[in-house]
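Engineer: For reference, the sequence and a predicted model appear below.
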Amino acid sequence: STTPLGSERGEQPLSRGSSASKSLVVFWFSFDIKREQLALMQERSAPRTGARTISDSLLVRKRELNSTEEHSTLVKSLQKGYHKEKSKGALLMRAYERLLKYAKVYTTSDPESGTHPSAAREFDLAHLLVEEMKSIGIEDAFVDEHCYVYGSIPATKGCEKKPALGLIAHMDTAPDAPGENVKPILHENYDGGDVTLPGTGMVMKTSTFPFLKELKGETLITTDGTTLLGADDKSGVAEILTAAETLIKKKLPHGKLCIAFTPDEEIGEGASLFDIPGFGADFAYTVDGGDVGGIEYENFNAASATVTIHGFSVHPGSAKDAMINASNVAMEFHMALPVMARPETTEGYQGFYHLCQMYGDVTEAKLGYILRDHDASKLQFKKDNLLHIACYLNGKYGPGTVEVEIKDSYRNMLEKIKPHFHLVETARKAIEKAGLTPEEIPVRGGTDGAVLSWKGLPCPNLGTGGFNFHGVCECTTVERMDKATEILLNIIELYSK
């Protein structure tokens, strides 16, 4: 996904020490007890007006799917979404229905495991997707030993020489919020006002999330407030497969379509073992962005930094001119960085230093940073600045007091997209054909597409219709997922001509 500000892409500059871990365990244990108590108190409370639980929704849908009437493939409705009519052929699932199914599968990636995939549970969704892909006609679908799902749809007659187009989304969800036992809620004909999440009583206020007002009249999908939704990026998975099924069942003309679903994107490893030659695409799109109609082809250059401070402990009663308190030196290091270059004080193309982890005592302290900037030279300045601060403090407190380890994470894809700018131009046309205005904004984050672009597969990112990723206020709408599916079909059509 194009991740929001914060501890991004699963970068974990620090591994917590034992004392910090114990404190965190106590804190979270207490928090979980309070959250469970609150959930029990509100268990009898009904969702806000217009909301229905996933079980209700699927019950209605199950009756619909079990109907003996014949149905047609997807067609545009007056609400610019899709509905079903009587005709020859089977009833196709809408994208949101797939999302509701996928959201139930626990796929949170694990930044601490060091394995590929990072969590074996990611295979649960992978196997489900392979089975579903084969059922809709993607005969060569498979999952490899590292939990990458691949499949392709051969070109139709007359389109064999058209370029092979790739569509990519990721299956894992971010470890920033709970991802197990997800309970989606449908808010039909949403009124555009504040939304109470019944599992916790949390209120999504329009004053905090102004975009909610723009969703009035749509079917809003949220969770009950105890977990994230997983729209990042299971909505992208759902939209790709809905477009693929529509393509197959309606026998629409198209070049070769290559499909892939990756693990571990949220911890920065989604493209690590991606088989580009085996994938077979000439170029691709990741479907992992925010609101529908978005095109993202500029992203941050990214690095992470771990700062380790070595102190010297002396009894506080006789510490004058002898003690070096590592925690104090850590604070001094951080305060040497510019306040106006933090995530909470920057926007657009402005880069930042983000302190995302810290712990320590008198003898040792650690700071974990992520560094971001769209301009590679400005990111280099930020890396150099950390080293300069360390040099100054080492001069003040003694050599070896401060150590800085910097690792590059990913690079701005723009340089690799420019030679293939038809990808952006085609996406613009597809979005306009769907009745929307394309939005092109620099990504304050990164995607698998950025890494894949630098590995030789040009890969801009498309919006999925989702909002508030990586948290319990994550949401999307039925209509925006339909529109994202329509845009994918438009892109496929444009490349078939």
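Structural biologist: Cool, got the structure.
Engineer: A helix includes Ser135, no?
Structural biologist: Yes - Ser135 sits within a helix when classified using DSSP: H, G, I helix; E, B strand; the rest coil.
Engineer: Neighbours of it, how many?
Structural biologist: 10 (other C-beta atoms under 10 Å). No exception for glycine: its C-beta is placed from N, CA and C like everyone else's.
Engineer: In contact with it: list those residues for me.
Structural biologist: With contact set as C-beta atoms under 8 Å, 6 or more residues apart in numbering, Ser135 has no partners.
Engineer: Distance check, it against Ala330.
Structural biologist: According to C-beta to C-beta, to the nearest Å, Ser135 and Ala330 sit 55 Å apart.
Engineer: show me what contacts the nearest residue to Tyr349 once chain neighbours are set aside?
Structural biologist: Distance criterion C-beta to C-beta, 6 or more residues apart in numbering; nearest residue to Tyr349, sequence neighbours excluded, is His374 at 5.0 Å. Applying C-beta under 8 Å, 6+ apart, we find His374 in contact with 298-301, 349, 351, 412, 442.
Engineer: and what of Asp373?
Structural biologist: Asp373 is in contact with 300-301, 351-352, 379, 382, counting by C-beta under 8 Å, 6+ apart.
Engineer: repeat for Glu245
Structural biologist: So Glu245 contacts 92-93, 136-137 (C-beta under 8 Å, 6+ apart).
Engineer: wait, is it part of a helix?
Structural biologist: Yes - Glu245: assigned to a helix according to three-state DSSP.
Engineer: so how far is Ser135 from it?
Structural biologist: 9 Å.
Engineer: cool, and Trp454?
Structural biologist: Distance, Trp454 to Ser135, using C-beta to C-beta: 35 Å.
Engineer: I figured His127 hits Asp144, correct?
Structural biologist: No - taking C-beta atoms under 8 Å as the definition, His127 is not a contact partner of Asp144, at 12.0 Å.
Engineer: so Ser235 makes contact with Met481?
Structural biologist: Yes - judged on C-beta under 8 Å, Ser235 makes contact with Met481 at a distance of 5.8 Å.
Engineer: so what sits against both of these two?
Structural biologist: The contact sets of Ser235 and Met481 overlap at 95, 99, 464-465 (C-beta under 8 Å, 6+ apart).
Engineer: Nearest to Ala365 among those?
Structural biologist: Of all these, Ala365 sits closest to Thr464, with 40.1 Å by C-beta to C-beta.
Engineer: Hmm, the closest one is touching Asp233, no?
Structural biologist: Yes - under the criterion of C-beta under 8 Å, Thr464 makes contact with Asp233 at 6.9 Å.
Engineer: Please spell out which residue in the protein sits farthest from the middle.
Structural biologist: Centroid-distance maximum for the chain: Ser318 at 52.1 Å, with C-alpha atoms, centre = their mean.
Engineer: and the gap between that one and Ile492?
Structural biologist: 75 Å.
Engineer: ok so, going back, make CSV from the contacts of His374 and add neighbour count and distance to Ala365 to it.
Structural biologist: Shown next, in CSV, are the contacts of His374 (neighbours: other C-beta atoms under 10 Å; distance: C-beta to C-beta, whole Å):
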residue, neighbour count, distance to Ala365
Glu298, 18, 36
Asn299, 25, 32
Phe300, 29, 27
Asn301, 23, 28
Tyr349, 14, 32
Gly351, 21, 25
Asn412, 24, 32
Pro442, 17, 34
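Engineer: residue boundaries of the strands in the stretch 51-200 of the chain?
Structural biologist: 51-53, 75-76, 82-83, 142-143, 149-153, 165-170, 185-187, 195-197 (DSSP state E, counting those that start in this stretch).
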